[in-house]
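**Student:** pasted the sequence and its predicted model underneath.
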Amino acid sequence: MTSPTPAPIAIERGDLADPRVIRLLEDHLDDMFATSPAESVHALDVSGLSVPEVTFWTIADGDELLGCVALKQLDAEHGELKSMRTDAASRGRGLGARLLEHVLAEAARRGYRRVSLETGSQEFFRPARTLYAKYGFVECEPFGDYALDPNSVFMTLELPAAG
């Protein structure tokens, strides 16, 4: 008798009422407030992720929630990466790259010409900035409603034209 095949790691639309999602987002916000001054924390809570212009996904291994990411539509051609988080116990498995690739593919499918993000300037955020740079993101001026902030790094990626 063979054992059942384990469910593969999957990225799916996230349920913002799921207690596992709420815990992951609370951990995310706790890290942001522990690392950055309150006025420099731009992470979204459940209510901020529940608006129509934001699409939210989770990554899971079977029933184990490993991380999340969101894409906010700024306009018809510009999206913003939001709330990318890998659970602390799951880091180092390439999940952040998988989440980022998922968002970039969705942005291209939507016809976006650019995806931008805001992340912290502190050492804590170095792995995130390194990942974004690996995928071609470059530092840029503040976008959308953001203002210049020494605790923030703004990055953007121009997407290839659909064709």
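**Tutor:** Cool, the structure landed.

**Student:** what sits closest to residue 31 if chain neighbours are left out?
**Tutor:** residue 124 (7.4 Å; CB to CB, 6 or more residues apart in numbering). Placement of C-beta: from N, CA and C, glycine included.

**Student:** show me what the longest strand that the chain contains is packed against.
**Tutor:** Ordering each strand of the chain by length in residues (DSSP state E) puts strand 64-75 first. Applying 3 or more CB pairs under 8 Å, 6 or more residues apart in numbering; DSSP states H and E, we find strand 64-75 packed against helix 19-35, strand 54-61, strand 78-86, helix 95-109.

**Student:** between that strand and strand 78-86, how big is the angle?
**Tutor:** On the basis of axes from the mean of the first three to the mean of the last three CA atoms, to 10 degrees, strand 64-75 is oriented at 160 degrees to strand 78-86.

**Student:** tell me the contacts of residue 139?
**Tutor:** Counting by CB atoms under 8 Å, 6 or more residues apart in numbering, residue 139 makes contact with 153, 154, 155.

**Student:** swap the cut-off to 6 Å and go again
**Tutor:** residue 155 (CB atoms under 6 Å, 6 or more residues apart in numbering).
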